[in-house]
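1. Quick one, structure for this:
(chains A and B)
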Amino acid sequence: MAREIISLNSITFRYPGGDHDVLKNVSFSVQEGEWVAIVGHNGSGKSTLAKLMNGLYFPDKGSIQIVGISLEKDTVWETRKHIGMVFQNPDNQFVGTTVQDDVAFGLENHGVPHEEMVKRVNRALKQVKMDDFLNQEPHHLSGGQKQRVAMASVLALRPDIIILDEATSMLDPTGRQEVIGLVRSLKEEQEMTVLSITHDLEEAAKADRMIVMNQGEVYRTGTPREIFELGDELVQLGLDLPFYLKMGNALKAQGVQLSGQHLTEEELVNELWTSHCKK
Amino acid sequence: MDISLQKVEYRYAAGSPFEKKAIEDISFTIPSGQCVAIIGHTGSGKSTLLLHLNALLKPTSGSVVIGDRTVKAGRKEKDLKPIRQKVGIVFQFPEQQLFEENVMKDICYGPMNFGVSEEEAKKRARYWIEQVGLSQEILEDSPFDLSGGQMRRVAIAGVLAMEPEVLVLDEPTAGLDPRGRKEIMDMFYQLHKKRNLTLILVTHSMEDAAEYADQVVVLNKGRKVHEGTPRDLFADAERLAEWGLGVPEVVRFQRLLEEKTGRSLPGVCLSIDELAAAWNEQSGGPAV
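-> Below is the predicted model of the structure:
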């Protein structure tokens, strides 16, 4: 059975000097090898969760366990070794003058011997399919390529968990696809645990499970299918509906007869095709 | 106020060993009161082009006509301030440019820089803060205590308070949640309609180009490769793919539907409602 790799128990948190709790009694857990997407409107507390899981802040109430270790001020360096974070802006995450230097930076900081370092850098860049770019300058890459290099830097450190904090939100559609595709292969081929914090429903729809945050609380958790069944409730929460649901609603409004809730685009097309053939 | 580009070329670090041509031979006109989208793959030259629209960059060849002013390669320009007041640019992630101790001062900074009195600037701040969907109470707060979405709105209010005639938006909705995205775009569109504000939208979002633009200019590898209405542009998905661009989701779905059912609709639909209506129409009205 998969083990629980992250667990949050009744977390309440307020920023120092803040006038309200940005997280209220939040509990959830993530299993090893799972891909969980956390979605929610701006200000719902999503990014704060990431900051707490990485020990940048500590909860006022409740506790956090990362790979079974209780996250406290004196265990924070230990727990951070298990988590790699990729942030929103690819340009803010580069320190090296070439792609391989950049990936090596974190390893050097961890005192990894040179020989081992070379191996890990090459392997990590292969994992993200950027091994043809070893000596390129990072700022000459496209947004999607930059985020892949950022992910290689994280992978080289061999974390158990990757947290993507809106890592696709600044990318163009191609770059977004690149990163989502990479996450999927990391998860499937290397059984990485992935936590993605996102507004992008296409990205969230590919996760195993979704957690919907609303005003600092967990509003609902479930598979993408279960979450999308909420329909208009999601719109109320400042989120959007996947395209096929919006399309289905518009067709119904036009008087097109549709049986029920189709849950994929293919189902919708098929239904339109069938009803069309009957005429 | 029209903006017209004539054979604009720009080389970074011209004359040095690091010279790099970013855009070349770009000509098009943005008529007053229009909404024009400029789209292109990452690295297509969009950002370089954008900086020419209010003379932050001067072309290394060709000229840019902004209202009654001409910015021409090789000629020294003086007093560019009026151009920058008339053409306001909201850069990507404008909230990163907030710096004052409170929101009121931050919004007033731009207009006062252009010679507006403090009293008038404050009046504008009170007006524009509501136009961007925030309350006047927020004016006393530090911009750094606000949420990301609120900070974005404050930064936008700061540009609008200069009362430009042309507003250039560089990926204005990046990083916002879906509701925030729609609210901000609808707000710009309202301003465009009500005040005849010219909108220039530099974007990755084909959905926004389809929904809001009268005209779309496509850049590829530093050159203009297309100019036309969104309907005309999105009718040809293969061509867009060559430029590294996609079509809006609704267009992709329409293609899928047409392929599967073997029935084609009269034209390309740019919104979900349009497609629903067209589908209903061709299948002979609502089933009874």
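
2. what about the longest helix anywhere in chain B and chain A, any contact?
-> With secondary structure taken from DSSP state H, chain B has its longest helix at helix B:178-195. Yes: shown here: helix B:178-195 in contact with chain A (CB under 8 Å from any CB of the partner chain) through B:Pro178, B:Arg179, B:Gly180. In short, each C-beta sits where N, CA and C put it, glycine included.

3. Would you confirm that the last one contacts A:Ser169?
-> The reference is to B:Gly180. No: taking contacts as CB atoms under 8 Å, B:Gly180 lies outside contact range of A:Ser169: 11.9 Å.

4. okay, those two: which has more neighbours?
-> B:Gly180 (23 against 19; other CB atoms under 10 Å in any protein chain shown).

5. what are the ranges of the helices in the stretch 51-200 of chain A?
-> Under the criterion DSSP state H, counting those that start in this stretch, the stretch 51-200 of chain A contains helices at A:76-80, A:99-109, A:114-127, A:143-155, A:173-190.

6. want to try JSON lines for the ones you listed, with distance to chain B as columns?
-> Shown next, in JSON lines, are those (distance: least, CB to the nearest CB, whole Å):
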{"stretch": "helix A:76-80", "distance to chain B": "25"}
{"stretch": "helix A:99-109", "distance to chain B": "17"}
{"stretch": "helix A:114-127", "distance to chain B": "20"}
{"stretch": "helix A:143-155", "distance to chain B": "6"}
{"stretch": "helix A:173-190", "distance to chain B": "5"}
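
7. Out of these, which one sits most buried?
-> helix A:143-155 (a mean of 25; mean count of other CB atoms under 10 Å in any protein chain shown).

8. Can you tell me, leaving aside adjacent residues, what's nearest to residue 31?
-> You didn't say which chain, so I picked chain A. Of all residues not flanking A:Gln31 in the chain, A:Ala2 sits nearest, at 4.2 Å (CB to CB, 6 or more residues apart in numbering or on different chains).

9. wrong chain, I was asking about chain B
-> Of all residues not flanking B:Pro31 in the chain, B:Asp2 sits nearest, at 5.4 Å (CB to CB, 6+ apart).

10. dump the residue contacts of that neighbour.
-> B:Thr29, B:Ile30, B:Pro31, B:Ser32, B:Val65, B:Gly67 (CB atoms under 8 Å, 6 or more residues apart in numbering or on different chains).

11. Please check those and keep the buried ones.
-> Among these, those classed as buried by 16 or more other CB atoms under 10 Å in any protein chain shown are B:Ile30, B:Val65, B:Gly67.

12. Is the closest residue in space to B:Trp243 that isn't next to it in sequence bridged to anything, and to what?
-> Residue nearest to B:Trp243 in three dimensions, not counting chain neighbours: B:Asn220, with 4.4 Å by CB to CB, 6+ apart. Taking DSSP bridges as the rule, B:Asn220 bridges to B:Arg223.

13. can you pull out the strands in the stretch 151-288 of chain B?
-> For the stretch 151-288 of chain B, the strands defined by DSSP state E, counting those that start in this stretch occupy B:166-170, B:198-203, B:215-220, B:223-228.

14. ditto for the stretch 1-150 of chain B
-> For the stretch 1-150 of chain B, the strands defined by DSSP E, counting those that start in this stretch occupy B:3-12, B:20-30, B:35-40, B:61-66, B:69-72, B:87-90.

15. Quick one: closest of these to chain A.
-> Proximity to chain A (CB to the nearest CB) singles out strand B:35-40 among the strands of the stretch 1-150 of chain B, at 9.4 Å.

16. and the nearest residue to B:Asp106 once chain neighbours are set aside, what is it in contact with?
-> Spatial nearest neighbour of B:Asp106, chain neighbours left out: B:Glu100 (3.9 Å); criterion: CB to CB, 6+ apart. Counting by CB under 8 Å, 6+ apart, B:Glu100 makes contact with B:Asp106, B:Tyr109, B:Pro143.

17. Dump these to CSV, plus neighbour count and pLDDT.
-> Formatted as CSV, these follow (neighbours: other CB atoms under 10 Å in any protein chain shown; pLDDT from 0 to 100):
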residue, neighbour count, pLDDT
B:Asp106, 23, 96
B:Tyr109, 18, 95
B:Pro143, 23, 90
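
18. which of the residues you listed lies closest to A:Glu191?
-> Closest approach between those and A:Glu191, by CB to CB: B:Pro143, at 43.5 Å.

19. I am assuming that closest one contacts B:Leu98, so please confirm or correct that.
-> Yes: using CB under 8 Å, B:Pro143 is in contact with B:Leu98, at 4.1 Å.

20. Domains of chain A: list them as residue ranges, please.
-> A:1-82+A:160-241, A:94-158, A:242-279 (automatic domain parsing).

21. for chain A, what are the nearby residues on the stretch 51-200 of chain B?
-> B:Phe93, B:Ser147, B:Gly148, B:Gly149, B:Ala174, B:Gly175, B:Leu176, B:Asp177, B:Pro178, B:Arg179, B:Gly180.

22. burial measure for the nearest residue to the last one once chain neighbours are set aside, as a count.
-> Meaning B:Gly180. The shortest distance from B:Gly180 to any non-neighbouring residue, by CB to CB, 6+ apart, is to B:Gly149 (4.7 Å). B:Gly149 has 22 neighbours, counted by other CB under 10 Å.
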